[in-house]
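*Asks:* Got a predicted structure here, sequence first:
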2 protein chains.
Amino acid sequence: MGYRSIVARPRTFDEQDVIDRAMELFWTRGYETTSITDLTSALGVHPGTLYRTFGDKHALFLRALARYRERLADDFGPSLAEGGPVLPRIRAVLIGWIDLAAQEEQPRGCLIANTAGEVLPGDDEVASSVRCVFSVVEDGFLQGLRAAARQGEISAAVDLPAAAAMLTMLLEGLQVIVKADPDPRRLVSAVDTALLSLASVRG
Amino acid sequence: MGYRSIVARPRTFDEQDVIDRAMELFWTRGYETTSITDLTSALGVHPGTLYRTFGDKHALFLRALARYRERLADDFGPSLAEGGPVLPRIRAVLIGWIDLAAQEEQPRGCLIANTAGEVLPGDDEVASSVRCVFSVVEDGFLQGLRAAARQGEISAAVDLPAAAAMLTMLLEGLQVIVKADPDPRRLVSAVDTALLSLASVRG
DNA sequence: CCAGTTGTTGAGCGCGCGTTCTCAAATGAG
DNA sequence: CTCATTTGAGAACGCGCGCTCAACAACTGG
């Protein structure tokens, strides 16, 4: 017993790649409506392999959520707070989601917003994963707003954490509405109104 | 053929009542995860009766969505635009949803937001129903904002339709986030920040 | 009463779900 | 080569799903 010195048959698939594609499927079709058959045929991985590697459908879904969080963290990481005007970069992030939905035939919205709607009741693991993603987004906004306040883009009278929460709500609400009505113009002007009024607060 | 002059056995249930309770179930548990068995046992209506009366599960769900729209229309109807300060009433509507979620053990959020997340891809009937509810909410906000502008609560420089869309996003985003993190304080201050900054725009 | 129409009942249909099992294939150590 | 070990492949499991159906109950006009 001991050191697993003996090597076995090598895998023919890349685990990270499978998670990425599973994430895409869950994102597009939702959790309940994505069946194991859908996954195995789209991923080129047989049921037995999938279950041996990931446990079950729910565990694979959690991996997909974690992967999505990584991606979001790239968008909402240091980039928002770096040098130069911040509000235009916050705007660009929000508008980017609108554009993405507009150029998709079937807007997928946000995996986390979709998940919050569909799967949450009683599922604590998914709930905490969703909460975690929200806090990543909110922290990103907060970093950006702090930089904006430092540079005088917004007034020192603004409650920055509250404003970050507001932007998070705005983003997620945007993701919900864009699924039903991807017409970009109203959405863009709504985002502009929010940012403009935020910038118009005076202390 | 002919006039249905002969009267048959009367129903033992109230159709509207069944729809109301189906709406509650779909709201709490979602569409896919609410089975016909769940419905029949909670509604006290047997499968055959349910199918004879409503068609199928999907049709019953559409009825439930329509019922939800009726309820929302009551909240967002004339009340928002009637006399007196409007912004506090808009605030009360938003805060009301936060309070509702906070006092529920399992926050249900908004049936429409949940539906948009779960069921939309490829379901045109549900999509248009969801869109319809959004426009009810947005129109309600717009009526209120027009009254607010008339009374000087907000500047004439504000793009009212855009602001109404923004409030709709804010509400739906709120509903998404409250499902994962029902802590009311951050949400309330975020709402206040949004309304306060909207009121601080100067023309 | 009967005739005619509709509502109720609950067993039961086929299907696809998430999941498991078995067996052959592939690898490197000894 | 043999052996231990892991992976690939895919048939098969039981279950619960959405849904249907045939027999029976309730009702009123004639």
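*Replies:* Right, received. Where do you want to start?

*Asks:* Contact residues of chain A facing DNA strand C?
*Replies:* A:5-10, A:32, A:34-38, A:47-48, A:51, A:56-58 (CB under 7 Å from any atom of the strand). C-beta here means a position set from N, CA and C on the backbone, and glycine is covered the same way.

*Asks:* In helices only, show me the residues you listed.
*Replies:* A:36-38, A:47-48, A:51, A:57-58 (DSSP state H).

*Asks:* Among these, which one lies nearest to residue A:21?
*Replies:* Nearest to residue A:21 among those is residue A:38, at 11.0 Å by CB to CB.

*Asks:* Restricted to buried residues, select the ones in helices among the residues of chain A next to DNA strand C in PyMOL.
*Replies:* Those of those that count as buried under 16 or more other CB atoms under 10 Å in any protein chain shown are selected in PyMOL with:
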select buried, chain A and resi 57
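
*Asks:* now the ones in helices among the residues of chain A next to DNA strand C in CSV, with pLDDT?
*Replies:* CSV is the format used below for those (pLDDT from 0 to 100):
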residue, pLDDT
A:36, 98
A:37, 97
A:38, 97
A:47, 97
A:48, 95
A:51, 97
A:57, 98
A:58, 98
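
*Asks:* possible to save the ones in helices among the residues of chain A next to DNA strand C as CSV with distance to DNA strand D?
*Replies:* CSV is the format used below for these (distance: CB to the nearest atom of the strand, whole Å):
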residue, distance to DNA strand D
A:36, 8
A:37, 9
A:38, 14
A:47, 5
A:48, 2
A:51, 8
A:57, 12
A:58, 15
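
*Asks:* any chance of the ones in helices among the residues of chain A next to DNA strand C in JSON lines, plus distance to chain B?
*Replies:* Formatted as JSON lines, these follow (distance: CB to the nearest CB, whole Å):
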{"residue": "A:36", "distance to chain B": "15"}
{"residue": "A:37", "distance to chain B": "16"}
{"residue": "A:38", "distance to chain B": "12"}
{"residue": "A:47", "distance to chain B": "21"}
{"residue": "A:48", "distance to chain B": "26"}
{"residue": "A:51", "distance to chain B": "22"}
{"residue": "A:57", "distance to chain B": "13"}
{"residue": "A:58", "distance to chain B": "13"}
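
*Asks:* any idea of the pLDDT on residue A:5?
*Replies:* The confidence metric pLDDT takes the value 53 at residue A:5.

*Asks:* ugh, wrong one, residue A:189
*Replies:* Residue A:189 is given a pLDDT of 98.

*Asks:* Let me know the secondary structure of it.
*Replies:* helix (DSSP: H, G, I helix; E, B strand; the rest coil).

*Asks:* so who does it touch?
*Replies:* B:159, B:161-162, B:165 (CB atoms under 8 Å, 6 or more residues apart in numbering or on different chains).

*Asks:* Within reach of chain A, which of those are there?
*Replies:* B:159, B:161-162, B:165 (CB under 8 Å from any CB of the partner chain).

*Asks:* Of the contacts of residue A:189, just say which sits nearest to DNA strand C.
*Replies:* residue B:165 (35.9 Å; CB to the nearest atom of the strand).

*Asks:* residues near that closest one, how many?
*Replies:* Neighbours of residue B:165 under the rule other CB atoms under 10 Å in any protein chain shown: 29.

*Asks:* for residue A:26, same thing?
*Replies:* Neighbours around residue A:26, by other CB under 10 Å: 26.

*Asks:* Just put the ones next to chain A among the contacts of residue A:189 in TSV and tack on pLDDT, secondary structure and distance to residue B:82.
*Replies:* Shown next, in TSV, are the ones next to chain A among the contacts of residue A:189 (pLDDT from 0 to 100; DSSP: H, G, I helix; E, B strand; the rest coil; distance: CB to CB, whole Å):
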residue	pLDDT	secondary structure	distance to residue B:82
B:159	98	coil	23
B:161	98	helix	21
B:162	98	helix	23
B:165	98	helix	22
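
*Asks:* a markdown table for these, including distance to DNA strand D?
*Replies:* Below are those laid out as a markdown table (distance: CB to the nearest atom of the strand, whole Å):
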| residue | distance to DNA strand D |
| --- | --- |
| B:159 | 44 |
| B:161 | 39 |
| B:162 | 40 |
| B:165 | 34 |
